[in-house]
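Need coordinates for the below:
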Amino acid sequence: MFVDAKAEYENNLKQNGEHVTPEALSIFYKDFLDKAYERQMEYNREWWKLNVGLLYPGMKAAIRWLTQSNKQVAAASQKKTSFWEKSFES
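Just a heads-up that it's a prediction; the model follows:
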């Protein structure tokens with residue numbers, strides 16, 4: 001869509017005897033972005049909805065990880081080893 005519109009704009013410039021310059025293309029780019037604004041905003045809105053929807057599972061996973069790591073630390077500190085169960089290599 002963009003490539004076709006750009007090629008058509010360049011052809012129109014050449015047919016009118018004008019050169020294709022960055023200044024001339026900036027007019028095309030501005031016009032193209034203005035026309036595509038609603039489509040781009042709809043795309044962004046969909047991504048924002050998806051990203052917000054991922055916050056809840058992410059928070060659940062973080063809380064689960066924190067609680068499990070706390071349980072593992074507590075279990076490790078409560079474990080008592082006797083003299084014969086200790087490793088002499090470490």
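
report the longest helix in the protein, please.
helix 55-78 (DSSP state H).

now that helix, how far from the chain's geometric center?
Relative to its chain's centre, helix 55-78 lies at 26 Å (Cα atoms, centre = their mean, to the nearest Å).

Return the alpha-carbon coordinates of the worst-scoring helix or strand of the chain on mean pLDDT using CSV.
Least confident helix or strand, the chain: helix 55-78 with a mean of 81, by mean pLDDT, DSSP states H and E. What follows is helix 55-78, C-alpha atoms only, in CSV (Å, rounded to 0.1, in the frame of the first residue of the first chain):
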residue,chain,number,x,y,z
LEU,A,55,-0.3,-8.0,33.4
TYR,A,56,-2.6,-10.2,35.5
PRO,A,57,-0.8,-13.5,34.6
GLY,A,58,2.5,-11.8,35.0
MET,A,59,1.7,-10.6,38.5
LYS,A,60,0.4,-14.1,39.4
ALA,A,61,3.6,-15.7,38.2
ALA,A,62,5.7,-13.1,40.2
ILE,A,63,3.8,-13.7,43.4
ARG,A,64,4.0,-17.5,43.0
TRP,A,65,7.7,-17.2,42.4
LEU,A,66,8.2,-15.0,45.5
THR,A,67,6.1,-17.2,47.8
GLN,A,68,7.8,-20.4,46.6
SER,A,69,11.3,-18.9,47.0
ASN,A,70,10.4,-17.8,50.5
LYS,A,71,9.2,-21.3,51.3
GLN,A,72,12.4,-22.9,50.0
VAL,A,73,14.5,-20.5,52.1
ALA,A,74,12.5,-21.2,55.2
ALA,A,75,12.7,-25.0,54.6
ALA,A,76,16.5,-24.8,54.1
SER,A,77,17.0,-22.9,57.3
GLN,A,78,14.9,-25.4,59.3
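
Done for today, thanks.
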